[in-house]
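Trainee: build me a model from this:
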Amino acid sequence: MSDKAYRTAGVMGGMGPAATVDFMAKVLAMTDSGRDQEHVHLIVDQDPTVPNRQAAIDSGIDNVSPRLTEMAKRLQDAGADFLVMVCNTAHVFLDGVRGELHIPFISIIDE
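Mentor: Now for the predicted structure:
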């Protein structure tokens, strides 16, 4: 496989941390590779300080979108070609985040 076939995934993680590690293990297990250099390039932002998503939904106060936007921009600036996010609940806050990006976001909800 040529290097052009490889893309870098930016992983918005830390909401919860164990789910992020589980996701990374699943990517590793599902990658058909014969050597280390054939694995998926992941840039992971494991940020457990993102405010509680359920509390934000319940209160109607969105203190989550700005933090997710910061995380997405960090990953974009670090060289990610596209983004994924492990937290199902945080997908509620993605409309504003997507508008700030120049790279695609692949939703686990849509997929």
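
Trainee: pLDDT weak spots in this protein?
Mentor: Per-residue confidence for the chain (pLDDT under 70) gives these ranges: 1-5.

Trainee: in it, which spans are helices?
Mentor: For the chain, helices defined by DSSP state H occupy the ranges 17-30, 53-59, 65-78, 94-98.

Trainee: ok, which of these comes nearest Thr8?
Mentor: Set against Thr8 and scored by CB to CB, the helices of the chain come closest in helix 65-78, at 8.5 Å. In short, each C-beta sits where N, CA and C put it, glycine included.

Trainee: now do the closest one: distance to the chain's middle.
Mentor: 9 Å (CA atoms, centre = their mean, to the nearest Å).

Trainee: and it, what's buried?
Mentor: Ser65, Arg67, Leu68, Thr69, Met71, Ala72, Leu75, Gln76 (16 or more other CB atoms under 10 Å).

Trainee: can you tell me how far the third one is from Gly34?
Mentor: Meaning Leu68. Distance, Leu68 to Gly34, using CB to CB, to the nearest Å: 36 Å.

Trainee: again, but for the fifth one
Mentor: Met71 sits 33 Å away from Gly34 when distances are taken as CB to CB.

Trainee: and for the second one?
Mentor: In this structure, Arg67 and Gly34 are 39 Å apart, going by CB to CB.
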